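Novice: Sequence first, then the predicted structure, then my questions.
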Amino acid sequence: MCKAKLLGELGLETGDGPLIAMVSRLVEQKGAEIVLPCMEEFMAMDTRFALLGSGHKRMEEAFLALAQRFPGRVAVRIGYDEALSHRIVAGADLFLIPSRYEPCGLTQLYSLAYGTVPVARATGGLADTVFDVDPAAETGNGFTFAGYSPDALRRRTRDAVEFWRANPAGWRTIMERGMKEDHSWGESAMQYERVYRTAVSLAAPAP
């Protein structure tokens, strides 16, 4: 239901493919520059793409040009709109977070909580919270990639789209796995305490 409403709100066509979304500042740190060269293949995979963000003028203009080139397939909203950002995260199937570097990041936590599977670069806080899917081991909450390049992002997004199409039940399992995670400060505080206790025990002099 969230997806159908979002497609209507953004003027995007319905279809059999997934909705890929990105909510981000359009700057080099956030990886917008490696998303642009991937858009041709995203469209060839019969996906829809929604972007909310603002930043460098050249990037804003490049994404707006894509929306004009692919009407009904690409929706771009320039600016900041907190309510819309949550609707986009909640309504999308895949959420792109291709950051060059990321000290922490909140958007991946939103996407996990909403059940929107992240496709994220394994760096900084993203590497601490998004773990690559392993269907055999039944682990992972997203699709990750290491190299900061359009090819790396393109390949992993293709993997995610193919999984979405081929294994709906498995995809739902990934969604539910992310939604069950606890990223509250209460859980984080307990993890910090365990680290400190371990450090203290290792530093203690031998009897």
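Specialist: The structure has been received and is ready for your questions.
Novice: Please identify the buried residues of the longest helix seen in the chain?
Specialist: Longest helix in the chain, counting residues (DSSP state H): helix 185-203. For helix 185-203, the buried set under the neighbour-count rule, 16 or more other C-beta atoms under 10 Å, is empty. For every residue, glycine as well, the C-beta is placed using N, CA and C.
Novice: Go ahead and measure how far it is from the middle of the chain.
Specialist: When C-alpha coordinates are averaged (C-alpha atoms, centre = their mean, to the nearest Å), helix 185-203 and its chain have centres 29 Å apart.
Novice: Check stretch 11-24 too.
Specialist: The chain centroid and the centroid of stretch 11-24 are separated by 13 Å under C-alpha atoms, centre = their mean.
Novice: what's the first-to-last distance across that stretch?
Specialist: End-to-end distance of stretch 11-24: 20 Å, with C-alpha to C-alpha, to the nearest Å as the criterion.
Novice: Please list the residues outside it that contact it.
Specialist: Stretch 11-24 is touched from outside by 3-4, 6-7, 30-32, 35, 42, 45-53, 72-75, 85, 88-89, 91-97, 107, 116, 157, 161, 164-165, with contacts defined as C-beta atoms under 8 Å, 6 or more residues apart in numbering.
Novice: Spell out the secondary structure type for residue 118.
Specialist: When states are read from DSSP: H, G, I helix; E, B strand; the rest coil, the local structure at residue 118 comes out as strand.
Novice: So what sits opposite it in the bridge?
Specialist: Per DSSP bridges, residues listed as beta-bridge partners of residue 118: residue 95.
Novice: Which elements pack onto the helix or strand residue 164 falls within?
Specialist: Taking DSSP states H and E as the definition, residue 164 sits inside helix 150-166. Counting by 3 or more C-beta pairs under 8 Å, 6 or more residues apart in numbering; DSSP states H and E, the packing neighbours recorded for helix 150-166 are helix 32-35, helix 39-44, strand 94-97, strand 117-121, strand 143-145, helix 168-179.
Novice: Show the buried residues in the contacts of stretch 11-24.
Specialist: By neighbour count, with 16+ other C-beta under 10 Å, the contacts of stretch 11-24 hold 3, 6-7, 30-32, 35, 42, 45, 47-53, 73-75, 85, 88-89, 91-97, 107, 116, 157, 161, 164 as buried.
Novice: Distance-wise, check residue 145 relative to residue 100.
Specialist: 13 Å (C-beta to C-beta, to the nearest Å).
Novice: let me redo that: residue 85
Specialist: Residue 85 is 21 Å from residue 100, where distance means C-beta to C-beta.
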